[in-house]
Structure formats: structure tokens, C-alpha cells
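> Sequence below, structure please.
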Amino acid sequence: MNIALTGTPGTGKTSLSSKLDNTVVSINNHYSDISNGKDEEGNWLIDLDKLNEVINVKIHSNCIFEGHVSHFLNDIGMTIVLRCNPKKLKERLDSRKYTDAKIRENMEAEALNIITEEAIEFHGENKVFELDTSTNSIDESLTKLKEIIGGNLKSDKRIDYSETIMDWY
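This next block holds a predicted model:
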């Protein structure tokens, strides 16, 4: 089964996928092929049709497709959305020298559950799993990620950080 590992920037996609035994396809390595260039701020303008034309999931087996738009890939058996408390996400993105505007945009996306909602809409509720990486070490998150992949860890409760927005005002 092919798996999409997705989440807002800073949730741990690259760190965790690099420790898995599966073959990993990083969507980031294909941005120039799946986009319509960059906007005035230097952000890639991802074309979702190009994404599925360039990255043919069907030719892979037991592969992890890692990237914040991987949940838009067709023919995915499972989507795992990495989640992070927006306060912790801010710390992580600050350390990467993201601009204040980009940090705010990603914190808002996380608080509003944007990627989870997109994944559910695209693949259906039963194929989408969430993993909170806010307080776990990489090794703890990796253990939980492997349990989800192996079908041994399921959750019927969605992670919700929407109330964190109230702290911003």
C-alpha cells in the first residue's frame, strides 16, 4: 500500500520519513516539475494536475510519498497527517528562519485543520489518520507512525487546535 505522509511545514514529515524502511518519494524534489513557477514571495505554485501527471503512484509499491501536498495524490491507500500545536510549530518555523507572515500562515492552517480536511475530502474519512508530533520525540513519533502504517494504532478522535487561535488576539 502506498501512503501519503503530509502536514504543514514543520510537523516532522522529512525527519520521520527519513527514518522509515520504506522507499520515500519526497514531493519537494519535484516542485519545479509540478508547479507553474513561483509567486512574488518565492513560494511554489503547485499544479495538482501536474502533481498527479509527474508522480505516478501506481508504479510504486509500499512507498511513502512525503510532502505537504502529498494528500492530493491519486491512488493512495492511506494518508497520515502529521499535526503540531501551533505554538510549538511557531518555534520550529522560527528556528528555520521562516518569515513572520509565513509562520502565521502555517500556524493558521494548522489551527484550522486545513490539511486534514483536504485529505478527508480527497480520500475519505476512513483513509486519513493523524499523528501529533508536538510533544513526542522523533523516536516516539516514529514508533507511533510505524504503528499507524502497520494498522496497529487507530484513532477515532480528530486533533483540534482551533481554540489556540483565541490566544492570538
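
> Am I right that residue 32 is in a strand?
No - Residue 32 is assigned helix when assessed by DSSP: H, G, I helix; E, B strand; the rest coil, not a strand.

> Can you list the neighbours in contact with stretch 135-154?
If you take Cβ atoms under 8 Å, 6 or more residues apart in numbering as the criterion, stretch 135-154 is touched by 3, 5, 12, 15-16, 19-20, 22, 78, 80, 82, 85, 88, 129, 131, 133. Placement of C-beta: from N, CA and C, glycine included.

> at 6 Å instead, please
The set of residues external to stretch 135-154 that reach it, using Cβ atoms under 6 Å, 6 or more residues apart in numbering, is 15, 16, 19, 80, 129, 131, 133.

> Could I get the contacting residues of the last one?
Residue 133 makes contacts with 11, 12, 82, 84, 141, as judged by Cβ under 6 Å, 6+ apart.

> residue boundaries of the strands in the protein?
Secondary structure of the chain (DSSP state E): strands at 3-6, 23-26, 35-38, 44-46, 63-66, 78-83, 128-132.
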